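Q: whatever this is, show me its structure:
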Amino acid sequence: MQRTGYAAAALKVIFLTTGLALFSACASARLDIIQVGPWFASKNWKDVAMLASREEITHPWGAIAIIHGQKTPARDVPGMERQKLKARKMAAKAGADGLVVAVETDESGFQSGVYREQEVYLSALAVKYITDVSSAPQK
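A: Have a look, this model is predicted:
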């Protein structure tokens, strides 16, 4: 029996809304942020420097947060880029000046003779530059 009129339209809207909600939940980047130092006033996310290693930090600094991403297939480059952008925005909200980002490979659970797609995860360190540094001890 076919549905007609408002009932059919309402049913289509419900299924479409449910499908979109499930899709967007799967597509969103889920990150955890762990506060390890004081947080500062928020800033624009574009002002947070993206760094590949601690050696790229040119100023004295202190860590303010660690950000971990969820495991994703190594082939999901757009998904990892979304996680990096979200991490940068989270760091900006904490007042960070820089974000040291590493994409690491999940090596756990490998078994000999069993194929498993390689997974990677985001690991980032939000840093704040120290602006009031003196090399001489204060009396």
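
Q: from here on, contacts and neighbour counts on C-alpha atoms
A: Will do.

Q: now find how far off-centre stretch 36-46 is within its chain.
A: Offset of stretch 36-46 from its chain centre (CA atoms, centre = their mean, to the nearest Å): 15 Å.

Q: go through that stretch and flag the buried ones.
A: 39, 43, 45 (16 or more other CA atoms under 10 Å).

Q: give the rounded mean pLDDT of that stretch.
A: Across stretch 36-46, pLDDT averages out at 95.

Q: next, the distance between the ends of that stretch.
A: Terminal residues of stretch 36-46 are spaced 22 Å apart (CA to CA, to the nearest Å).

Q: again with stretch 58-78
A: 29 Å.

Q: pull out the buried positions in that stretch.
A: 62-69, 71-72, 74.

Q: kindly report the same for stretch 78-85.
A: Under the neighbour-count criterion of 16+ other CA under 10 Å, stretch 78-85 has 80, 83-84 buried.

Q: which one among these gets closest to residue 129?
A: residue 84 (20.4 Å; CA to CA).

Q: the closest one in helix, strand or coil?
A: Classification of residue 84 using DSSP: H, G, I helix; E, B strand; the rest coil returns helix.

Q: which residues of the chain fall in helices?
A: Assigned helices in the chain, in chain order: 6-27, 77-93 (criterion: DSSP state H).

Q: mean pLDDT lowest for which of the ones you listed?
A: For those, mean pLDDT drops lowest on helix 6-27, to a mean of 55.
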